[in-house]
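# Please work out how this folds:
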Amino acid sequence: MLRLFGGQRIDNIMGMLNVEDDMPIENKMLSKTIENAQLKVEGRNFAIRKQVLQYDDVMNKQREIIYEQRDQVLDDKDLKDSILAMMDENIAENVKLFCNESSPVEDWNLQGLKEKYIGWLTKDEDFKYTDSEKASVTTEQITDMLTERGHALYESRETEFGAETMRELERVVLLRNVDTHWMDHIDAMEELKRGIGLRAMAQRDPVVEFRLEGFDMFDEMTAAIREDTVRMMLTLRIHKEAPVQRKQVAKPTMAAGGGTDGSEKAKPVRKSKKVGPNDPCPCGSGKKYKKCCMQKDKQAALNQ
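Below is the predicted model:
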């Protein structure tokens, strides 16, 4: 502690006096220096705890938002309107991203927008405007077209799968995406926290920087949840269980004396008479079975 906050002067005095570490020192100057060092250490520890609490406060606010969304799923609430709202917001965001209203239509990235939604909202023939059509096309028209198509597809899937199955699918898909992206976000925030202290070298408050970048990352996470949820709801296929069919697993085998197709009942196999221990040995030696081949036959039977 003195080495960090006591100053070089006190360190030199302690070295010249050659005082042992466990010897009590009664000196006003040293006592005051030690007291000041203790206050500085306590102040530093308080600042560290305060900064940690401020970091935790950022995460707690984000956690409240995520847990509120998870509670809606776990409480078996109807999520259809919420997911349709996610669809509308996602479409509006991406149309704005790929089509800048302040730029002419020729500068819009319509090919990028089509590839963004290809396979679930767009088709190969979309956005192939003639010169006369380009003069009148607007971002609102594109947004409305994609939104209407998305809602129509959603309703057709609900008709195909049934309302009950669709409600359960909504809960499963949303919960899976929320949990997956939230766990990744927690790891990303921990990485941000470890390096955010270096911002102080650029005369920036690390807590303020952590709050700003943390909420930017949170917005990106929620946007990813919306997009993945909507895409999965429009593209997932449900495999209906096929009726159980009883099939013959064990097939008849060929008998030693011929074959059968299973149409004839198998005839019982007659076992030969068992040789007793005191009976003559079948080998013809004239000895009793137990005195001749019985042990050899038992060993052969064990090895089979």
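# before we move on, what SS does the residue lying closest to residue 205 once chain neighbours are set aside have?
Nearest non-adjacent residue to residue 205, counting by C-beta to C-beta, 6 or more residues apart in numbering: residue 199, 7.5 Å away. Every residue, glycine included, has its C-beta placed from N, CA and C. Secondary structure for residue 199, judged by DSSP: H, G, I helix; E, B strand; the rest coil, is helix.
# What are the neighbouring residues in contact with residue 199?
Neighbour list for residue 199: 205, 206, 209 [criterion: C-beta atoms under 8 Å, 6 or more residues apart in numbering].
# distance of the second one from residue 197?
Using C-beta to C-beta, to the nearest Å, we find residue 206 at a distance of 5 Å from residue 197.
# More neighbours: which of those two?
residue 206 (18 against 12; other C-beta atoms under 10 Å).
# Thought residue 196 was touching that one, still the case?
Yes. Using C-beta atoms under 8 Å, residue 206 is in contact with residue 196, at 4.7 Å.
# quick one: the helices in the stretch 1-150 of the chain?
For the stretch 1-150 of the chain, applying DSSP state H, counting those that start in this stretch gives helices covering 2-5, 8-17, 28-74, 80-98, 110-117, 131-134, 139-161.
# Mean pLDDT lowest where, among those helices?
Mean pLDDT is lowest for helix 2-5 out of those, coming in at a mean of 51.
# Name the spans of the stretch 151-300 of the chain whose pLDDT lies under the cut-off.
Along the stretch 151-300 of the chain, segments meeting pLDDT under 70 span 240-273, 299-300.
# So for residue 54, what's the nearest residue that isn't a sequence neighbour?
Nearest non-adjacent residue to residue 54, counting by C-beta to C-beta, 6+ apart: residue 207, 4.6 Å away.
# and the gap between the one you found and residue 57?
Counting by C-beta to C-beta, the gap from residue 207 to residue 57 is 9 Å.
# do residue 189 as well
For residue 189, the distance to residue 57 - C-beta to C-beta - is 13 Å.
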